[in-house]
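**Q** coords please:
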Amino acid sequence: MSVLNSRKHRLGARDNPTVGLFVSTDGGTTWNHKGWTGYIRIFYTEAGTDGNIWSACGNGVLRSTDGGNSWRITTGWQVTEVLKIKVDARAPGTAYAATAYGVFKTENGGETWQEHNRGFLKPFVSDIVIDKQQSARLLAATEDGVYLSSDGGTVWHRAGIDGRGVRTVAQHPTIKDLFFVGTEDDGVFISRDGGKNWTAANNGLKHLTVYSIACDRSNPDVLYLGTHGGGVYRSSDGGKSWQQKAEGLGNLVVHSIVMLPSNSSVVFAGTLNGGIFKSTDGGDHWNFNSQEEAQVWGLWAR
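**A** Reported below is the predicted structural model:
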């Protein structure tokens, strides 16, 4: 069974003004609200291997130990504007928050948080990835390029794409040394050596602001991008070339994209003020799915 999580902020919808976290257990046919009941803007949600759910929001980091039925905020006033939360698969009590003020880390399930910004020239961090091979090895997307840490975030070193605004970073699920980043104005870069060296990969990409990257587990050559103004792009050759796949997308500002693990032909795209769209043919055609007028900042599936 696949579980889809939609993190959204709804503006102006007259039928249902609810905001927060929505969960689907039937491939996106129906959605149930699991988010905080107050007016809190949820940016990203991830579940640890222990079943606990973490949500990044403007107010800090939320955590649920009962499948999203109840939540508590784990951070104080020092940790705000959290854009992404990533949980260590090997140590689910360890999590990293990517924020407008840098990286914060907990090793005790959110009881305490420590700032980990040593080495950043600009501490605005929009995304972070935990290396699947070495959990102490991290890559961070910043306003000043990609940064790498080999010691769990204690010290950071710039690893490339100097001076460019990086919005998202992703590791391929099956090719562990293969990493991708999406930038604000410079398209996509690929590293095939664990993030040490980066090469631009923009052939066919006409919209160079990239907010989201998704990789097909069943076919390592198939990749998807969520872009600003261009909707979704797909590559069938590992990023050597891209084709725009926007037929049926009612909104071309895509902040999140995800495939169903059980069927990679089923793809969901979360848009800014346009809700969620669904494709059942690998992005060739799209139909509106749900969350009319919502700002869908993140999608996550398992």
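
**Q** excluding chain neighbours, give the residue nearest to T209 in space.
**A** H228 (3.8 Å; CB to CB, 6 or more residues apart in numbering). The C-beta positions use only the backbone N, C-alpha and C, and glycine is treated the same way.

**Q** K278 and R137, how far apart?
**A** K278 is 35 Å from R137, where distance means CB to CB, to the nearest Å.

**Q** what of T280?
**A** Counting by CB to CB, the gap from T280 to R137 is 36 Å.

**Q** looking at these two, which has the bigger crowd around it?
**A** Taking neighbours as other CB atoms under 10 Å, T280 and R137 compare with R137 leading, 18 against 15.

**Q** nearest spatial neighbour of that one, skipping sequence neighbours?
**A** Nearest non-adjacent residue to R137, counting by CB to CB, 6+ apart: D131, 3.9 Å away.

**Q** where does pLDDT dip in the stretch 101-250 of the chain?
**A** Residues of the stretch 101-250 of the chain meeting the criterion pLDDT under 70: none.

**Q** show me the strands in it, by range?
**A** Applying DSSP state E, counting those that start in this stretch to the stretch 101-250 of the chain gives strands spanning 102-106, 114-115, 125-130, 138-142, 145-149, 157-160, 166-171, 179-183, 188-191, 199-200, 210-215, 223-227, 232-235, 243-244.

**Q** sheet partners, orientation included, of the fourth one?
**A** So the one you mean is strand 138-142. Strand pairing for strand 138-142, using DSSP bridges, gives strand 125-130 (antiparallel), strand 145-149 (antiparallel).

**Q** per-residue confidence at the nearest residue to R72 once chain neighbours are set aside?
**A** In space, R72 comes closest to R63 once its chain neighbours are excluded; the distance is 6.1 Å by CB to CB, 6+ apart. Note on R63: pLDDT of 92.

**Q** what helix or strand is R63 on?
**A** Here R63, judged by DSSP states H and E, is contained in strand 60-64.

**Q** next SSE after that strand?
**A** strand 72-73.

**Q** that next one pairs with which strands?
**A** With DSSP bridges as the test, strand 72-73 is paired with strand 60-64 (antiparallel).

**Q** who touches the partner strand?
**A** Strand 60-64 is contacted from outside by 34, 36, 40, 42, 52-55, 70-76, 79-80, 82, 85, 95, 97, 106, 109-110, 113, using CB atoms under 8 Å, 6 or more residues apart in numbering.

**Q** now for T168: which residues touch it?
**A** By CB under 8 Å, 6+ apart, T168 lies in contact with S126, D127, A141, V181, G182, V210, Y211, S212, I213.

**Q** Throw those residues into JSON lines and include distance to V188 and neighbour count, thanks.
**A** Listed next are the contacts of T168 as JSON lines, based on distance: CB to CB, whole Å; neighbours: other CB atoms under 10 Å:
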{"residue": "S126", "distance to V188": "15", "neighbour count": "22"}
{"residue": "D127", "distance to V188": "14", "neighbour count": "24"}
{"residue": "A141", "distance to V188": "12", "neighbour count": "26"}
{"residue": "V181", "distance to V188": "7", "neighbour count": "29"}
{"residue": "G182", "distance to V188": "6", "neighbour count": "25"}
{"residue": "V210", "distance to V188": "6", "neighbour count": "28"}
{"residue": "Y211", "distance to V188": "11", "neighbour count": "23"}
{"residue": "S212", "distance to V188": "11", "neighbour count": "24"}
{"residue": "I213", "distance to V188": "7", "neighbour count": "23"}
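
**Q** of these, closest to L252?
**A** Ranked by distance to L252 (CB to CB), the contacts of T168 are led by Y211 at 11.7 Å.

**Q** is it true that that closest one touches Y224?
**A** No - between Y211 and Y224 no contact is recorded; they are 11.6 Å apart, counting by CB atoms under 8 Å.

**Q** which residues does the closest residue to G145 other than its chain neighbours contact?
**A** Residue nearest to G145 in three dimensions, not counting chain neighbours: I161, with 4.2 Å by CB to CB, 6+ apart. The contact partners of I161, taken as CB under 8 Å, 6+ apart, are G145, V146, V181, T183, D186, F189, W198.
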